[in-house]
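Enquirer: Could you work out the structure for the sequence below:
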Amino acid sequence: MTKIVIIGGVAGGASAAARARRLSETAEITMFERGPFVSFANCGLPYHIGGDIRERSKLLLQTPESFRARFNVDVRILSEVIAINADDHTVTVRDLSSGHEYLHPYDKLLLSPGAAPITPPIPGLRNPLTHSLRNIPDMDDILASLQHNQPRHVTVVGGGYIGLEMMEAFVQRGLSTTLLEQADQVMTAVDREMAGFVHQHIRAKGVDLRLNCGLQAVQYQEADPLGKLKLSLADGRSLTTDLLIMAIGVKPELTLAQQAGLAIGPLGGIAVNAQMQTSVADIYAVGDAIEHPQFNDREPMLAPLAGPANRQGRMAADNMLGDNQLYSGTQGTAICKVFDLAVATTGFNERRLQAKGLNYHKAYVHAASHAGYYPGAEPVSFKLLFCPDSGAIYGAQAVGKDGVDKRIDVMAMAYRMGMTVEQLQQVELTYAPPFGSAKDVVNQAAFVASNSRAGLSELIHYHQLDALGDDAILLDVRNPAELSKLGQIEGSINIPVDELRQRMHELPQDKEIIVICQVGLRGHVATRQLLNRGYRARNLSGGFKTYAAAKL
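Expert: Numbering: from 1, shown residues only. Purely as a prediction, here's the structure:
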């Protein structure tokens, strides 16, 4: 009989426990959780605060009683494992209710401690009006503070997933909200110009979004009847707020791993191999605490995502019971709701590609979520990253109000399967006017990338325009009404695409023509006309829409 001990529940630990029982009725499975809840929907916490999930009980996925009834797992909550005794194959457990400590044996041990919110060394952070969000007790504390203090203004620090979700929750509750982000963009999993669409949307919702603005100090002002916080900001200004949420990120929980002598990887997570084994015999680790092997190149990455944690827990259970399952890597596929928008990504972003020194090209398209003539179509802004030599897909990002999730899911599969952009052109996706287009956003991005690789349309990107010399001119082929309404790039001349054949003689043949339209489609048409007439021409990928978003 195999004795399996699991430290930590939620995604990785709970999945491992359930899988182990489905594989073996004789294994003795014990799960220790230092908190009061063993399996809860931590991704749903901000949505309960905002009111989308009304019943708190909906967040409680399993209880110790339900786990025992269905899976015959001995779940011990409020039980903190304070030491792993690897030589003896035991763990030291402290019952937090009584303070009693005892030893518990194991044959196989799984670590699933998760990640803890990063607490920066900012003076004054420890006060009753400052919170972070990791678990249900944290959520309860925030809700209690909202009820007791009745804040009118809330400040959220950090523009990652939790920060964005908490920002939305407070706006939904009718609170004036400021979002502080030290970087020049929110959601750094996507590239800066894609985040620009999110910045525009956040500000349109009335949020005081401050980029390149870190928090330097906090002063708790008790003189106020309910207390207030004075925030000192990196830009020299100050801000008074009633409630402060710290959401600048998480870091792997390493206390037990370090005590047990487990190898820690270069990024600060527990090092594991493809079988989810640590450096110490019979100890496995999964979830937010580990360094995930990156899909494709196997380099380490930190990915606090529920999907990988669940799959890793399942795989670790297989291997603890004698199988040899291999984890193929984490892609970093993720999506975030920001009010009416969704922003999603899979695979490499540009920063990652640059850090790896890989040669890459990119293509942007802006197309409708379904047939434009059918009511309710919304624009989807899509970015495709690919290898210019082989055509291999490196990654994709998308922003929009509808259809973003399914496009990135398609791209996640294409990336996982090693497809090229030429193969992506041929992907057959469902089409009917209420659901998609005959030429889907995904196909259109592949068309642009394939045209680029075939030399049919050389692309130029928004960030390259500043480097142009006197031997290039900017040609905007939109209609004059669009320019007056949407703006234009300074110094560009205007010849609408439908007039270009008749007016091409107005353009100098000794200069390169940089063609601009709203989203890139008319630009491609104009570029082909110019190339066919012997001009040198490049098309601004993604058009003025991408250019403008990059400046937001």
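
Enquirer: Need the contact partners of the host helix or strand of residue 545.
Expert: Here residue 545, judged by DSSP states H and E, is contained in helix 543-550. Residues from elsewhere that reach helix 543-550 (CB atoms under 8 Å, 6 or more residues apart in numbering): 192-194, 196-197, 200, 364, 366, 381, 462-463, 465, 476, 478, 486-489, 516-521, 523, 540. To be clear about C-beta, it is placed using only N, CA and C from the backbone, and glycine gets the same treatment.

Enquirer: please redo it, this time with the cut-off set to 6 Å
Expert: Identification of contacts with helix 543-550 by CB atoms under 6 Å, 6 or more residues apart in numbering yields 193, 196-197, 364, 366, 462, 516-520, 523.

Enquirer: Next: stretch 405-415.
Expert: Identification of contacts with stretch 405-415 by CB under 6 Å, 6+ apart yields 333, 335, 344, 346-347, 393, 396, 398, 424, 441-442.

Enquirer: burial measure for residue 124, as a count.
Expert: 17 (other CB atoms under 10 Å).

Enquirer: Identify the bridge partners of the closest residue to it other than its chain neighbours.
Expert: Distance criterion CB to CB, 6 or more residues apart in numbering; nearest residue to residue 124, sequence neighbours excluded, is residue 218 at 3.5 Å. Judged by DSSP bridges, the bridge partners of residue 218 are residue 231.

Enquirer: now residue 218: how far from residue 370?
Expert: According to CB to CB, to the nearest Å, residue 218 stands 47 Å off from residue 370.

Enquirer: just to revisit the earlier point, go through the contacts of stretch 405-415 and say which is closest to residue 22.
Expert: residue 333 (25.8 Å; CB to CB).

Enquirer: how about that closest one, phi and psi?
Expert: Backbone torsions of residue 333, given as degrees, to the nearest 10, read phi -70, psi 130.

Enquirer: Please apply the same query to residue 392.
Expert: phi -60, psi 140.

Enquirer: Based on its surroundings, how many neighbours for the closest residue to it other than its chain neighbours?
Expert: Excluding the flanking residues, the one nearest residue 392 by CB to CB, 6+ apart is residue 420, at 5.7 Å. Applying other CB under 10 Å, we find 18 residues neighbouring residue 420.

Enquirer: correct me, but residue 420 touches residue 394?
Expert: No. When contacts are counted by CB atoms under 6 Å, residue 420 is not listed as touching residue 394 (11.0 Å).

Enquirer: Now the common contact residues for these two.
Expert: Residues touching both residue 420 and residue 394 (CB under 6 Å, 6+ apart): none.

Enquirer: And the spatially closest residue to residue 289 that is not a sequence neighbour, how close does it get to residue 157?
Expert: Spatially, and ignoring its direct neighbours in sequence, residue 289 is nearest to residue 252 (4.3 Å; CB to CB, 6+ apart). Distance, residue 252 to residue 157, by CB to CB: 21 Å.

Enquirer: before we move on, what about residue 291?
Expert: Plainly put, residue 291 is 26 Å away from residue 157 if you go by CB to CB.

Enquirer: got it, and residue 310?
Expert: Taking CB to CB as the measure, residue 310 falls 29 Å from residue 157.

Enquirer: again with residue 204
Expert: To residue 157, residue 204 is 21 Å away according to CB to CB.

Enquirer: more neighbours, the two?
Expert: The neighbour count for residue 204 versus residue 157, taken as other CB under 10 Å, is higher for residue 157 (26 against 10).

Enquirer: was I right about the more buried one contacting residue 215?
Expert: Yes. Contact criterion CB under 6 Å: residue 157 and residue 215 qualify, at 5.2 Å.

Enquirer: Residues in contact with both of these two, list them for me.
Expert: Residues within reach of residue 157 and of residue 215 at once, by CB under 6 Å, 6+ apart, are residue 180.

Enquirer: and the most centrally placed residue in the chain, backbone torsions?
Expert: Closest to where the C-alpha atoms of the chain average out (CA atoms, centre = their mean) is residue 334, at 4.5 Å. Dihedral angles of residue 334 (phi, psi; degrees, to the nearest 10) stand at phi -150, psi 160.
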